[in-house]
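Trainee: Output the structure for:
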Amino acid sequence: MRRGGVSTLILGGLFLLAAASANAETVFEEVSGRFTVEGRYFPQPSIQTGQREHSLSLVAEPEAYLENEAGYGLALKPYLRYDSADARRTHWDIREAYGLFFGEFEDSEWELRAGFDKVFWGVVESRHLVDVINQTDLVEAPDQEEKLGQPMVHGTWLNDYGAFEAFVLPYFRKRTFQGQAGRLRTGLQVDSESTSYESAAKQHHLDLAARYSHSIGALDFGLAWFEGTNRSPNFSLGLDNKGSVALLPFYEQMRQFSLDAQVTTGSWLIKFESFWRDGERNALSLEEDYLAAVGGFEYTWYGVFDGDTDLGVLLEFLYDDRGRRATVVTEEDVFAAMRLAFNDEASTDILFGIMQDLDKPTRSLFMEANRRISDNISLGIEGTAFLNIDDADGQFSLRRDSFLELNLTYHY
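Mentor: The predicted structure follows:
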C-alpha cells in the first residue's frame, strides 16, 4: 500500500476513535451556525458570453461540538452554497470534522486533532503569504481568503518555550475554479478534470509541515516549514473533453521555509511575513528558487471625533524577487487601507483601501462594511473595483468584473 494510503487509514482510525469517545457519555453539546442570503451585482457587461450581471446565493454553515466527561471532543462544520449563476459555485465542503484530544505532561500541555480542519498562518492584511496548509476555495471570493477543509493529523506541544506544532497531511485537495457562466474567472476555462501532478502519488502524496511560535515581550513570531504539493497550480494550454482550448492545472512539489512576526507597541502594529521556496516553476515554466515578502504597519487612533470611534491606517508593501517571472500579480505592489470601528451596540465597522501595482497602472479598490441589525441578524456590504488593468497583467480578464456584494446573515 502507498505511504499516502497508510496515512489515510491512520487518519480515519483516529477520527473514528474520537467519534466513539465523543458519543459515549456526552456531557456537553453546542450547536451554532449561520444562514446567509448573498447578492452580487456587476455594473459592467461581461467579456465572456453567457455571464450575468447579477447572481443570488444561499449559504448554510452549521456547527456542532460534542464533548464527553474526559474532555475529548468532536467538532463538525459542513458548508453548503447554492448559486443562481455559476454551477461550479454551487458546492459543498467539510470545513471541519475532527476529533480533539488533549492532556498534560509535567509542565507542558499537548493537543491532538485528527480529521478535517482549517489552519491559518500569518499576520498581514493584504495577502496571506505564508498560509499554506489549506487549499483556496476560489469560487467563494477573489481575495483567496476562503479555504477548503484539509484532512490532517495536527499535534501541538505547548510549554514555557513556545508552541511546537507538527502536521501530517495525507490527502491533497484541488483548488476550486469558476464555471463557464461564472464571473471573476480567467479568460480561458480551467479544466479541473485534466489535472496532473508532479508526484506519482498524485492527490495521495504525504505532505508534512511543522511550526514553532512564541511571544517575547511585544514580539509574536512563527517559524514554519512545509514540504509537499503546492496549493497553487501552474497552468498549461490544452484541450478539454469537448475539444475546446482550456487551461490544464499542474500541481508540483515544493518546499517552503517561512517567518511571520508582529510587534505590538502602543497604537502600532508592525507586521511582516516572508518565505523562501524551492521547487516551484515561474511564469516561464522554469523551476526557480525565490524569496517573497510582505511588510507594513497598522496605526490606530482611539476615540476620534470626540467619540467612541477608532480609526486605523494600514500600509503594506508586497514583494516577489522573481519580478516579471512571478506567477502572482502582487510581485511589487503597495497596499493602503483605512479601518473605522465605531464601537457601537451594532458593532459597525468599515474597511476600504487600494492595491496599487508599482510597475504597471493596474490598481484595485475595495471596501467592506458590517453591522449587526439584531442579536441574530447582521448585514454586510463589500465590493471590489478593478481599474486601469494593464493588458500584460494577470488580472486582465477581470477588467470588467468590478462588483458589489450585499449579504444578510442569520446567526444561531
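
Trainee: OK, contacts around residue 160?
Mentor: By Cβ atoms under 8 Å, 6 or more residues apart in numbering, the contact set of residue 160 is residue 107. For glycine as for every other residue, the C-beta is placed from the backbone atoms N, C-alpha and C.

Trainee: let's see it at 10 Å
Mentor: 107, 108, 214 (Cβ atoms under 10 Å, 6 or more residues apart in numbering).

Trainee: Same check on residue 118?
Mentor: With contact taken as Cβ under 10 Å, 6+ apart, residue 118 is in contact with 77, 95, 96, 98, 133, 134, 146, 147, 148, 149, 150, 152.

Trainee: quick one: which of the residues you listed has the most company?
Mentor: residue 98 (27 neighbours; other Cβ atoms under 10 Å).

Trainee: Would you mind giving the secondary structure of the closest residue to it other than its chain neighbours?
Mentor: Nearest non-adjacent residue to residue 98, counting by Cβ to Cβ, 6 or more residues apart in numbering: residue 115, 3.1 Å away. What DSSP: H, G, I helix; E, B strand; the rest coil gives for residue 115 is strand.

Trainee: give me the low-pLDDT residue ranges for this structure?
Mentor: 1-27 (pLDDT under 70).

Trainee: Can you pull up the most central residue in it?
Mentor: residue 145 (3.4 Å; Cα atoms, centre = their mean).

Trainee: Now for that one, which secondary structure element holds it?
Mentor: Under DSSP states H and E, no helix or strand contains residue 145.

Trainee: which residue lies farthest from the center of this structure?
Mentor: Ranked by distance from the centre of the chain (Cα atoms, centre = their mean), the top residue is residue 306, with 37.1 Å.

Trainee: Save the contacts of residue 118 as a markdown table, and put in distance to residue 400 too.
Mentor: Rendered in a markdown table, the data for these read as follows (distance: Cβ to Cβ, whole Å):
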| residue | distance to residue 400 |
| --- | --- |
| 77 | 35 |
| 95 | 32 |
| 96 | 36 |
| 98 | 41 |
| 133 | 34 |
| 134 | 30 |
| 146 | 23 |
| 147 | 27 |
| 148 | 28 |
| 149 | 33 |
| 150 | 34 |
| 152 | 39 |
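
Trainee: Mind picking the two most distant members of the residues you listed?
Mentor: Distance extremes for the contacts of residue 118: the farthest pair is 98 and 146 at 18.7 Å, using Cβ to Cβ.

Trainee: Just give the number of residues close to the residue nearest to residue 98.
Mentor: Residue 115 - counted by other Cβ under 10 Å - has 26 other residues nearby.

Trainee: any idea how far residue 101 is from it?
Mentor: 11 Å (Cβ to Cβ, to the nearest Å).

Trainee: Residue 329 too?
Mentor: Taken as Cβ to Cβ, the span from residue 329 to residue 101 is 42 Å.

Trainee: Provide a list of residues in contact with the residue nearest to the centre of the chain.
Mentor: Contacts of residue 145 (Cβ under 10 Å, 6+ apart): 120, 127, 128, 131, 136, 137.

Trainee: What subset of those residues is buried?
Mentor: 127, 128, 131, 136, 137 (16 or more other Cβ atoms under 10 Å).

Trainee: And the helices in the stretch 1-150 of the chain, which stretches?
Mentor: 3-23 (DSSP state H, counting those that start in this stretch).

Trainee: can you give me the strands for it?
Mentor: Along the stretch 1-150 of the chain, the segments classed as strands by DSSP state E, counting those that start in this stretch run 26-41, 54-68, 73-83, 91-105, 108-117, 150-159.

Trainee: Name the nearest residue to residue 108, sequence neighbours excluded.
Mentor: Leaving aside its sequence neighbours, residue 108 sits nearest to residue 159 (Cβ to Cβ, 6+ apart; 4.1 Å).

Trainee: what's the one you found in contact with, if anything?
Mentor: Counted by Cβ under 10 Å, 6+ apart, residue 159 has contacts 105, 106, 107, 108, 109, 110.

Trainee: Which positions in stretch 85-96 come out as buried?
Mentor: Buried, per 16+ other Cβ under 10 Å, within stretch 85-96: 85, 86, 88, 89, 90, 91, 93, 94, 95, 96.

Trainee: picking that back up, most widely separated two among the contacts of residue 145?
Mentor: 127 and 137 (16.4 Å).

Trainee: All the strands of the stretch 201-350 of the chain, residue numbers only.
Mentor: Remark: strands assigned in the stretch 201-350 of the chain by DSSP E, counting those that start in this stretch are 207-216, 219-229, 234-239, 245-251, 253-265, 268-278, 290-304, 309-320, 332-341, 349-357.

Trainee: Tabulate those strands (TSV), appending mean neighbour count and distance to residue 176.
Mentor: Output for these, formatted as TSV (neighbours: other Cβ atoms under 10 Å; distance: least, Cβ to Cβ, whole Å):
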stretch	mean neighbour count	distance to residue 176
strand 207-216	16	19
strand 219-229	19	16
strand 234-239	14	15
strand 245-251	19	11
strand 253-265	17	20
strand 268-278	18	23
strand 290-304	16	23
strand 309-320	18	24
strand 332-341	18	25
strand 349-357	18	23
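
Trainee: Could you point out which of these sits nearest residue 34?
Mentor: So among the strands of the stretch 201-350 of the chain, strand 349-357 is nearest, using Cβ to Cβ, at 17.8 Å.
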